[in-house]
Structures are given as C-alpha cells and as structure tokens.
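# Need a 3D model of the following:
(chains A and B)
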Amino acid sequence: AGLRAAIGLGKAGADVALKVLDQSPVGDAAGSLADRLEPAAERGRRQRQATAEEVEAVMGRVVDDVVEVLDLNGIIQQVDVNAIVERVDVNEVVGRVDIDDIISRVDVDGIVRRTEVGTLIVQSTGGIVTQVLDFVRSLGVSLDTVAERVVDRILHHGRPRPVAPVLLAGSAADVVESGPSLPAPSERSA
Amino acid sequence: MRAEPPTGSLAGHYAGPVTRLSAYAVDAFVIVATYGLMLSLITFVWQLVSRRDLELPASDTLVWLIGLGIWTFLYFAASWGLVAKTVGMAVVGIRVVGRDGGELTARRGLVRAMAFPLSFLLFGLGFVGIVVGRERRALHDVIAHTTVVYDWDARSARLRLLTRRAAEA
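You can find the predicted model right below:
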C-alpha cells in the first residue's frame, strides 16, 4: 500500500510539473522545438514504411528462389527416417486408437454382399439341408430369446442372467457365480 | 420375432427352453422310429435264421413299454456319454457340457441318462429350472453337474443368409 501511494504521489507530482512547464518559457521553447521536429518525424515514419514494403517484396522473391534452388529430395534423403520412426512409441499411438469403435463402423454385411466371400461360404456349406437347419435353429433361438426376456422381466426384475458357463464365457459379464457344488478341476475330462 | 440368425455367434451360450424342447421332440421321434425298426430287424433276422415266425409284444403291452424304456435309456446314455449330444440336439444345434462349460465325461453322461426320468416326475416340474434358473438347468442337469449350451455358429448362418439374399436380388 505504501508503494502504491508513493507511485500515485509521483504521478501527481509529474502532472503538476508538466503543467507548470507548459505555462513557463521552458514549455514554450519545448513546444516550438517539437513543431520544428514534427516534419522530420513524419518523413521518418514514411521512410520506415516504404523500407518495410521493399523488404517484404524482396523477401518474397528471395524465398521463392531459394525454394526453387533447394533440392528438397536430397535434403529428405539425408534425413534418417528410421531413427525418427524408432523414437516413435507405436504402442502408445495404437493404444490411443479405439479399435472397437473402428470395427463397429465396419459394415460386415455390406462387405459380404459386395465381395465373393459369401459365395465361397455358400459353395462350401451345402444346399437345402443347411438352409433348413439354419432356419430351424434361428427360429428356436428367436423363441428362446423371447422366453428369456419374459422370465428376466418377471422373475429377475429385469436383471439379465449369465449367458454362458464360466469356461465358455467371452467376458467377465458372462461369468457364472461359482458355488460349492462345482466339480474340482481333477474331475473334468481332458 | 424373426427367424433370421442373430448377428453374434451363440456358441457356448446357455440353450433356451424352446430349443431344448425341440431337441427332445426330435429325439422322441427318433427313439420310437428306431425302436420300431429294431424290432422289425429282430423279427426279420429271427425268421431268416429259424424259419419260424416271431410274435413280438404289442405296442400296448408292458413288455413293449419296458423295452422302449430300456432302448430310451441306452439311446441317451450312449449319445451323451460318447458325443455329448443326441440326434435331436445335433439337429437344433445344442450339446451337453459340464456345469462350468468343460467337456462332458462318459460317467457324467451316464449319470445324466439315469437321472433323466426324475425330471418327468411331478408333472415335469424337473424341467422348470430350464426356464427360470440362472444356469438354465433341469433336475437331471443338477444331479449330473451338467448344462446345455448352443453348439451352433449363428454368425456363419447369417452370412449364408445374407449371401443368398444378395444373389436373389
């Protein structure tokens, strides 16, 4: 606070001094000197602007010529790209990529329609018998799904049940809660 | 509700009640049909060898029913013990596994076949667990420490369906 007060006092003092000088013969002399110097200042400003414009024009042409003369291919060949690549942590870069998101955007059905993959599958899997089996199984699965949803809603209050046994589950969410009646590993067949 | 294969593979997932019931229906037909064929074969061989007619018990007799029961037990015991699935299960795409999803042993398949009739007691209450249980297990599954899962790659079936539709379009 004391410093601020001192600064404020100094400014006030300077204002007063300037006003006094303006009123005095010293102020008049300073004013006429400033008037005589003004044209020179103006000339200086115009000269600086003209110089800046000339320099800018020259620099533009110089840069273009330099780029034309430069052998960029030669410069790039001298760069050790392998050393640069070795310094890149590819695992970290890949780790930042959301693979699941990319895969989910792939239209697998569209790929099958547009490529010969599906034709190969059809040719390799037989005819009418396979179609009938696929239809019967699909119908069974659809009806199973309906029954599952009804039971889950009524008896399990909407909470989904595990979808697979522990050894066949694809994710932790599918794991069956193990109980004391589970067989010991030695009882399982090879 | 559609009869299109689902987008994901269901292999390894618990089989539902409709699929298992369908498998039992196919098995019942196969059992009765093969039983009749077996009796006919026995009669034919007997007549070929002994040159005498063989009169088998009628289908409404106790002996015939006992024979059918034994044949049914042998059918299920052999199917589950050897390949972990019956003909009906193969048709609908399911198989029997251990409770934890491991391979079914022959001993466990035999136990399952022996416990199977218990599920029919009390008007089929033993099968209720397939519908309401967390692991979709019937009474004979609980006794034999088994469960039934899909053994069918729905994804391949879906690809075949899409390809056929694309070819027809």
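# Just the pLDDT at A:Ala12, thanks.
According to the prediction, A:Ala12 has pLDDT 87.
# Could you check which helix or strand contains it?
helix A:2-23 (DSSP states H and E).
# same question for the helix or strand just after that helix, mean pLDDT?
Next helix or strand after helix A:2-23 toward the C-terminus (DSSP H and E): helix A:25-69. For helix A:25-69, the mean per-residue pLDDT is 85.
# Equivalent analysis for stretch A:138-148, please.
91.
# does any part of it sit near chain B?
Yes. Using Cβ under 8 Å from any Cβ of the partner chain, we find that stretch A:138-148 touches chain B at A:138-148. All C-beta spots, glycine's among them, are computed from the backbone N, C-alpha and C.
# Any of the residues you listed buried? List them.
A:138-144, A:147-148 (16 or more other Cβ atoms under 10 Å in any protein chain shown).
# Which part of chain A gets nearest to chain B, residue-wise?
Per Cβ to the nearest Cβ, A:Asp144 is where chain A lies closest to chain B, at 2.5 Å.
# quick one: the residue of chain A positioned farthest from its centre and A:Asp144, what's the gap?
Distance from the centre of chain A peaks at A:Pro25, with 68.5 Å (Cα atoms, centre = their mean). Counting by Cβ to Cβ, to the nearest Å, the gap from A:Pro25 to A:Asp144 is 110 Å.
# Among the residues of stretch A:138-148 next to chain B, which are located in helices?
A:138-148 (DSSP state H).
# Contacts only, for the closest residue to chain A within chain B.
Of all residues in chain B, B:Gly16 sits closest to chain A, at 2.5 Å by Cβ to the nearest Cβ. Contact analysis of B:Gly16 by Cβ atoms under 8 Å, 6 or more residues apart in numbering or on different chains lists A:140-141, A:143-145, A:147-148, B:130, B:136.
# make it 6 Å
Going by Cβ atoms under 6 Å, 6 or more residues apart in numbering or on different chains, B:Gly16 touches A:144, A:147.
# ditto for B:Thr86
Neighbours of B:Thr86 in contact, by Cβ under 6 Å, 6+ apart: B:27, B:79.
# The one 3 residues further on too?
When contacts are counted by Cβ under 6 Å, 6+ apart, B:Met89 touches B:23, B:95.
# and it, what helix or strand is that in?
helix B:87-92.
# quick one: average confidence on the following helix or strand past that helix?
Next along the chain after helix B:87-92, taking DSSP H and E as the criterion, comes strand B:94-98. The pLDDT scores in strand B:94-98 average 95.
# No further queries at this time; thank you.
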